[in-house]
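Asker: my questions are about this predicted structure, shown below with the sequence.
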Amino acid sequence: MKSFRLIQFYSNRLIHSEGLRSATTRPVIRIAITGIILGTVAMLISIMVVTGFRNEITRKVTGFVADYRISAFNNNASFEEAPVKLEENKISVIKKIDGVRHLQPFALKAGLLKSENDIQGVVLKGVDQDFEPGLFKEKLIAGDMINFPDSSYSKEVLVSENISKKLNLKTGDSFLLFFIQEEKKVRKLTVKGIYNTGLSEEFDNLYLLCDLRLIQQINNWENGEAGGYEVFANADANKTLLFEKIYATAGYELNTQSTKELYPQLFNWLELQNLNVIVIIGLITLVAAITMTSTLLVLVMENTREVGILKAIGATDSFIGKIFGTVAFYILLKGLLIGNIISLGLAWIQVKTGILTLPEESYYLSKVPINFSVTGWLIINGIVIGTGALVMLIPAKIVSGIHPIRVLRFD
């Protein structure tokens, strides 16, 4: 207990030093604390933003095309699909798999959309009354969702904001849709709603949402046939294990793919952002370690005479090392605490106000996303504390090389 009080006494003298020595000691300690604060803020904000990007873009993509897609193997790049019809017992089994949230049939069909003034190639995505509308309801900027009548297929469609602007379409407007195939067909459809997911290149510039029965009629498919099935997973599901279970249930004769397989370029881009954060965290950790090391070196050199006196009266290297270690712990704890407060404060402001915006056509999001991850928070704080703990070992090494006779004789 006495040893602890002595360590506390000497470390407080260093931290709150006065007189001539304070002109060097205090600025050095303040610079070190500032370095820890800036490093903590940079690392926490980086990981919150990158995980926010990953989560938001993944949520958008899976909201549009689901987490997994079951289809025929002979699908081609022209969006002309071979019909698939899963047996009711297989559908029931897939729905009951732990981690599966929803299953719905879908179909894709390419066509030419002709308005009064322009024409554009589009892809119809057909869905039925079991459609999971979550993302589209959230991103609907005008009109309403499609109604599915019992008697025949709905002539209502959802178009993207990009397509509506290009072709000057508004809710309630009608247009002709031409299907180029052996037996050319045309249908008159009505804009029921306009959506904007922000995923312009992959989805918004291409897709219209329609009734699945429209595509079934155009393709002369039987009732119950579809282009495939989309499977939505729970947020906390083990995606790898779930894929294996769905694949085994659907059967080897069908092609079961995950969203990452369908859109590898998008998810590769997200992985690249993760790599950038790892590099940033590594560099900031290195800078923080150098700052802490330099601070302790300056403190030991500034207090060489006191170290010599303490050794002369019987203090051990371990005891003196703990004094400087306590100073390092004070710097680390204060910097870490203030850094966490600033980081969480800035993140909260961004979540509430969305003050930092992004060009949606480039980043798929209109504002900088923030994800409060307990795991990420623990990792960053663990890295800072671990780095600080290693740096705290340095004073003991330096102190062991100081000889009291030489120091006192020099003075």
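Answerer: Done, it's in.
Asker: got the domain ranges for this structure?
Answerer: With domains defined by automatic domain parsing, the chain comprises 2-59+267-410, 73-253.
Asker: just put these in a markdown table and tack on mean neighbour count.
Answerer: Just so you know, the C-beta spots here come from the backbone N, C-alpha and C atoms, and that holds for glycine as well. A markdown table is the format used below for these (neighbours: other CB atoms under 10 Å):
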| stretch | mean neighbour count |
| --- | --- |
| domain 2-59+267-410 | 17 |
| domain 73-253 | 17 |
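Asker: for these, which has the smallest mean pLDDT value?
Answerer: For those, mean pLDDT drops lowest on domain 2-59+267-410, to a mean of 79.
Asker: what about that one, distance to the chain center?
Answerer: In terms of CA atoms, centre = their mean, to the nearest Å, the centre of domain 2-59+267-410 is set 25 Å apart from its chain centre.
Asker: please give the element, helix or strand, for N55.
Answerer: helix 22-65 (DSSP states H and E).
Asker: and the strands in this protein?
Answerer: 68-71, 100-114, 119-127, 140-143, 156-160, 174-179, 185-195, 207-211, 228-233, 255-258 (DSSP state E).
Asker: which strands and helices lie in contact with the longest one?
Answerer: I take that to be strand 100-114. Applying 3 or more CB pairs under 8 Å, 6 or more residues apart in numbering; DSSP states H and E, we find strand 100-114 packed against helix 88-96, strand 119-127, strand 174-179, helix 212-218, strand 228-233.
Asker: redo these as CSV? Include distance to L365.
Answerer: Below are the helices and strands packed on strand 100-114 laid out as CSV (distance: least, CB to CB, whole Å):
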stretch, distance to L365
helix 88-96, 32
strand 119-127, 22
strand 174-179, 30
helix 212-218, 30
strand 228-233, 21
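Asker: nearest to K185, of those?
Answerer: Ranking the helices and strands packed on strand 100-114 by distance to K185, with CB to CB as the measure, places strand 174-179 first at 4.6 Å.
Asker: contacts for that closest one?
Answerer: Under the criterion CB atoms under 8 Å, 6 or more residues apart in numbering, residues 109-115, 122, 124, 167, 169, 184-191, 218 lie in contact with strand 174-179.
Asker: sorry, back to before: the domains of the chain: which one's closest to A66?
Answerer: Using CB to CB, the domains of the chain put domain 73-253 closest to A66, at 3.5 Å.
Asker: off-centre distance for that closest one?
Answerer: Domain 73-253 sits 26 Å away from the centroid of its parent chain (CA atoms, centre = their mean).
Asker: list the contacts of A32.
Answerer: Residues in contact with A32 (CB under 8 Å, 6+ apart) are 291-292, 294-295, 331, 335.
Asker: any chance of these in CSV, with distance to Y207 too?
Answerer: Shown next, in CSV, are those (distance: CB to CB, whole Å):
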residue, distance to Y207
T291, 51
M292, 53
S294, 57
T295, 57
I331, 55
G335, 49
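Asker: farthest pair within those residues?
Answerer: S294 and G335 (14.4 Å).
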